[in-house]
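Visitor: need a 3D model of the sequence below.
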Amino acid sequence: MSNAVTITKAAKLAGITRQTMSRKISDGELSKNSEGKIDISELLRLYPDIKLDDTEGDSKASNFNATLHLDVKLLEQEIKYLKKEVAKLEKIVVEKDAQIDMLARQTDKLISMNEKLQAHALPDYSNRKTGSWWTKLWGK
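Guide: Have a look, this model is predicted:
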């Protein structure tokens with residue numbers, strides 16, 4: 001069996017009329033490929049319990065089912081790997097959030113210390129008159 005079938009063959013496999021199959025395509029529930037045929041995987045997505053009978057022989061159908069089974073196994077492995085990656089990334093995010101919180105606390109401490117230092121700072125002498133002590137004393 002090829003990887004795609006006609007709308008009529010897909011309807012027959014699914015046990016529905018051709019018109020119903022066409023309606024599912026036009027409603028967007030099912031899609032066609034560029035040749036106007038329906039991929040078997042797309043048909044199995046909507047009708048997982050269909051039996052793939054092939055008039056050309058059972059060997060092609062069993063080969064397709066074996067390939068489909070391998071694809072499912074590969075996808076399951078990929079999902080498992082991606083779940084591990086997501087868990088790692090979530091752990092990194094938690095660690096970064098902890099670092100951000102620590103830096104925010106340290107920043108608050110530094111701001112508080114700076115405010116205390118400014119409160120106890122020496123007076124500003126920049127506006128005082130410059131010159132010798134004699135000039136400052138007698139204003140000449």
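Visitor: and the lengthiest helix in the chain, what does it pack against?
Guide: Among all segments of the chain classified by DSSP state H, the helix with the greatest residue count is helix 58-119. With contacts defined as 3 or more C-beta pairs under 8 Å, 6 or more residues apart in numbering; DSSP states H and E, the packing partners of helix 58-119 are helix 40-46. Heads up, the C-betas are built off the backbone N, CA and C, glycines and all.
Visitor: any idea how far the helix it packs on is from the middle of the chain?
Guide: With C-alpha atoms, centre = their mean, to the nearest Å as the basis, the distance from the averaged C-alpha position of helix 40-46 to the chain average is 25 Å.
Visitor: ok, residue 100 to residue 107 distance?
Guide: Taking C-beta to C-beta, to the nearest Å as the measure, residue 100 falls 10 Å from residue 107.
Visitor: now do the longest helix of the chain, average pLDDT.
Guide: Helix 58-119 shows a mean pLDDT of 88.
Visitor: ok now it, how far from the chain's centre?
Guide: For helix 58-119, the distance to the chain centre is 10 Å (C-alpha atoms, centre = their mean).
Visitor: please apply the same query to stretch 9-27.
Guide: On the basis of C-alpha atoms, centre = their mean, the separation between the geometric centre of stretch 9-27 and that of its chain is 34 Å.
Visitor: phi and psi next, for residue 34.
Guide: Main-chain torsions, residue 34, degrees, to the nearest 10: phi -70, psi -20.
Visitor: ok, now residue 47?
Guide: Note on residue 47: backbone dihedrals following degrees, to the nearest 10 are phi -130, psi 80.
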